[in-house]
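Peer 1: no FASTA, just this:
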C-alpha cells in the first residue's frame, strides 16, 4: 500500500506542478505580452524553457519544503510505517490543487506556494503531527509579507530613477528600447519562477521518496525528481495562463515597456535573493503583482486599479487557511479509505 501511495503522491505532485505552471505562467510574461514586447506564443515558449532551466539550478527551496514545514518523521516513528505521512502529503496536494483551480477559474493570481504550504500544515494539524511553527513563521509568513513590500517599493523607487534619467528622451525611442530589454527581464523572471516554484514540487516528491526508501535524505534530491518536476512545470507553462495574464497585464494597470521592464527585473531579483540567500519559498505571484502596482503608482496613485488589487489581496489572505481547510477535510476522508 505504501508503494501505491508513493506513486499517487508523485502523480499528484506532478499534477500540482502542471497547474502551477499554467496558473503562474502569466507572472513571468504578462507585462511583456501586454506591452507587445513579445507575442503570447513566443512569451510562453520563453517562459516554459527558462522555467525548466531555473528548476535545475538549485534545491534550497525544495529542502525547506521537505524538512521545515511539517514533522513527517514523527508520523513515521509514531505508526512504525510511512503510511500516515503519505496520506498527509496526498491530502496536502489535493488541497493545493483544488485552491489553484478555483483561483485560476476566477482569474485571481493567488499563490501556489502558499496553497501547498497551507495544505501541508492543514493536513498535518488534522493528523495531529508536529508543525515547525518557527520555520513556518521565519521562512513562509515573514517572506510572504516582506517580498511583496520589497516588490512594490523597490519597483516604485527604481521606476522613479528611470523616469528621472530618461526625462528628456524621446518616448517612442524609450518604448522601442525597453521592448527589446523586456525580452531579457521576462527571461530572468521566468528563470526565477522555475528556481522557486518547481522546487516546491521537488520537495514534496522527495518527502514521499525517502518515506518509502526510494532515496536517502542525506544524499540530496535525486536527479529523476528534479527532471520530472522541471518538465511538469514547463509543460504547464506552455499550456498557457490567459485568464491570469489579463488580470496582471491589464486589470491592475496598463503598463508601458519601461514599467514592464522594471517590474520584471525587480521581481526576478527578489526571487533570486529569497531562494539562494534565505532558502525561503516565496510567492512569485505576490512579488510580481506588487511590483506592477509599484511601477503603476509612479504615474499617479489613481492609475492603479485598487479595487482589483483588493480582490487579489483577499485571495492572498485566504490562500493559506483555505488550502489548509481543504487539505484537512480530505485527510479525514482519505485516512479511513486508504487504511
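Peer 2: Right, received. Where do you want to start? Remember, predicted model here, so these are calculated numbers, not experimental data. Residues are numbered from 1 along each chain as shown.
Peer 1: quick one: contacts for residue 155?
Peer 2: By CB atoms under 8 Å, 6 or more residues apart in numbering, the contact list for residue 155 reads 262, 263, 266, 267, 290, 291, 292, 293, 294, 295. Backbone N, C-alpha and C define where each C-beta goes, glycine included.
Peer 1: for residue 169, helix, strand, or coil?
Peer 2: Residue 169 carries the three-state label coil when classified by DSSP: H, G, I helix; E, B strand; the rest coil.
Peer 1: next, count neighbours for it.
Peer 2: Residues near residue 169, counting by other CB atoms under 10 Å, number 11.
Peer 1: and it, backbone torsions?
Peer 2: phi -80, psi 160 (degrees, to the nearest 10).
Peer 1: any idea how far residue 299 is from it?
Peer 2: 17 Å (CB to CB, to the nearest Å).
Peer 1: with residue 212 instead?
Peer 2: Counting by CB to CB, the separation of residue 212 from residue 299 is 55 Å.
Peer 1: settle it for me: which of these two has more neighbours?
Peer 2: residue 212 (19 against 16).
Peer 1: what's the closest non-adjacent residue to the more buried one?
Peer 2: Leaving aside its chain neighbours, residue 212 sits nearest to residue 6 (4.5 Å; criterion: CB to CB, 6 or more residues apart in numbering).
Peer 1: residue 101 too?
Peer 2: Leaving out its chain neighbours, the residue that sits closest to residue 101 by CB to CB, 6+ apart is residue 19, at 6.5 Å.
Peer 1: could you do residue 208 as well?
Peer 2: residue 9 is the one closest to residue 208 (CB to CB, 6+ apart), at 3.9 Å.
Peer 1: need the three-state assignment for the one you found.
Peer 2: helix.
Peer 1: that one and residue 226: what is the separation?
Peer 2: In terms of CB to CB, residue 9 sits 16 Å off from residue 226.
Peer 1: residue 213 too?
Peer 2: As judged by CB to CB, residue 213 and residue 226 stand 19 Å apart.
Peer 1: more neighbours: which of the two?
Peer 2: More crowded of residue 213 and residue 226, by other CB under 10 Å: residue 226, with 22 against 11.
Peer 1: how about the more buried one, secondary structure?
Peer 2: Recorded secondary structure, residue 226: helix (three-state DSSP).
Peer 1: all further residue positions should be reported with the first residue as 43.
Peer 2: Shifting the count to begin at 43 puts that one at residue 268.
Peer 1: confidence score at it?
Peer 2: Residue 268 carries a pLDDT score of 90 in this model.
Peer 1: so it makes contact with residue 243?
Peer 2: No. Applying CB atoms under 8 Å, one finds residue 268 not in contact with residue 243, separated by 10.1 Å.
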